[in-house]
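A.B. asks: My questions concern the predicted model and sequence given below.
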Amino acid sequence: MTAEAETYAYQTSVLLVALDEQDYIMVRDLLCEAKGSRFVLEWAASYEAALKMIKCNRYYAYVVNYHLGERSGLELLQEMVGRGYRAPVIMLTAEGEHEAGLEAMDAGAVDYLTREHIEAPLLERSVRRAVQRRQAEERFHLLMQNASDIITVLKADGTILYESPAVEWVLGYHPEELVGKSVFDYIHPDDVARVLRAYTTSSGRPGANLLLEFRFRHADGSWRHLEVSGKNRLAETSVKGIVVNLRDVSERRFLEERLIYQAVHDTLTSLPNRTLFMSRLEQALAREGRPKNAVAVLFLGLDNFKAVNDSLGYEVGDKLLEGTAERI
């Protein structure tokens, strides 16, 4: 890599949102002192201009002045979060505005700096931290975009905050169709109570894991068996939700149930075999309070069945057994 290419590789676009040109000059000069990185600073001189520039989504970090005239930097941050813009924010506060900085951090800012005490190394460190967070979020987003499993983020009450694109090819829904809906509205009625109990327990314990399996309604109206693993990340500012990984295990469940069925049923007639018969008989005899003579066993035989096999062949004999089973 040439020196020029290496320098370009380390260019980082940063947007400053501030009303005063002196803030722009100050931040520009401080970033120029950074060693090992080349920052490209752009300036939005109003709240409205900032929203237009943020929409382009080409910045790795934002330095936002808390004071933006009639609006505030906190309002801008909240609007960015609401619109789904991922680039991290560094809030620029005035001396004595410690609470404002903490409020910004709670709203999702990666850091806050006091304008009167800002220095080049401190600003560079904050911007580097913001860029690393943006890069980590981009890698995570890329993984979710290409994951075969569904990744869902839920509120504590089960409202869907995010659905990964995999939900479309696994369950037939566009992600935006489910966002804002309650996940419990799509779970099979026979599974809802069990899932709700487990979910309520996990949502009340920060960091708790969630392991479940339940049926979820596909967009075509059918039911799919989903294997679910999740973690309570409600207390984490960057997530504020319960992150759930869902995998379609319908085929596996079908095969498991088929194997169980075949183990206790005759493969030709689908009637219960000797194993299931003996199990049901033992259960009937073991029931408390049942009179000893209250259990009866009915034996059915087909007259001259051997003659059918011998004269017409086993294939016809099998058809006869199948027909008899259907009538029983």
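C.D. replies: Nice, thanks for sending it over.
A.B. asks: Around residue 171, how many other residues sit close by?
C.D. replies: The local packing of residue 171 (other CB atoms under 10 Å) involves 22 other residues. For glycine as for every other residue, the C-beta is placed from the backbone atoms N, C-alpha and C.
A.B. asks: Quick check: chain neighbours aside, which residue is closest to it?
C.D. replies: Closest residue in space to residue 171, ignoring its immediate chain neighbours: residue 218 at 5.4 Å, by CB to CB, 6 or more residues apart in numbering.
A.B. asks: Next, work out how far apart residue 34 and residue 161 are.
C.D. replies: Look at residue 34 and residue 161: by CB to CB, to the nearest Å, they are 36 Å apart.
A.B. asks: Please apply the same query to residue 258.
C.D. replies: Distance from residue 258 to residue 161, by CB to CB: 37 Å.
A.B. asks: quick one: which of these two has more around it?
C.D. replies: residue 161 (15 against 10).
A.B. asks: tell me what the helix or strand where the more buried one lies is packed against?
C.D. replies: Residue 161 belongs to strand 160-163 when assigned by DSSP states H and E. For strand 160-163, the elements it packs on are strand 150-154, helix 175-178, judged by 3 or more CB pairs under 8 Å, 6 or more residues apart in numbering; DSSP states H and E.
A.B. asks: What is the distance between that strand and the centre of its chain?
C.D. replies: 7 Å (CA atoms, centre = their mean, to the nearest Å).
A.B. asks: And the contacts of that strand?
C.D. replies: The list of residues contacting strand 160-163 from outside it, by CB atoms under 8 Å, 6 or more residues apart in numbering, reads 150-155, 173, 175, 178-183, 241.
A.B. asks: Packing partners of the longest strand along the chain?
C.D. replies: The longest strand of the chain (DSSP state E) is strand 223-233. If you count contacts as 3+ CB pairs under 8 Å, 6+ apart, strand 223-233 packs onto helix 189-203, strand 209-217, strand 241-248, helix 250-263.
A.B. asks: Run the angle between it and strand 150-154 for me.
C.D. replies: Per axes from the mean of the first three to the mean of the last three CA atoms, to 10 degrees, the angle that strand 223-233 makes with strand 150-154 is 50 degrees.
A.B. asks: got the buried residues for strand 223-233?
C.D. replies: 223, 224, 225, 226, 227, 228, 230, 231, 232, 233 (16 or more other CB atoms under 10 Å).
A.B. asks: Any stretches of the stretch 201-328 of the chain with poor pLDDT?
C.D. replies: 238, 288-293 (pLDDT under 70).
A.B. asks: thinking again about what came up before, ok, the longest strand of the chain: who's next to it in the sheet?
C.D. replies: Strand 223-233 has its sheet partners listed here by DSSP bridges as strand 209-217 (antiparallel), strand 241-248 (antiparallel).
A.B. asks: if I pick the nearest residue to residue 213 once chain neighbours are set aside, what's in contact with it?
C.D. replies: Nearest in space to residue 213, with sequence neighbours left out and distances taken as CB to CB, 6+ apart, is residue 227 at 5.2 Å. Each residue near residue 227 by CB under 8 Å, 6+ apart is listed here: 212, 213, 246, 247, 249.
A.B. asks: hey, what's residue 227 bridged with?
C.D. replies: Taking DSSP bridges as the rule, residue 227 bridges to residue 213, residue 247.
A.B. asks: Same question for residue 187.
C.D. replies: Bridge pairing for residue 187 - DSSP bridges - gives residue 216.
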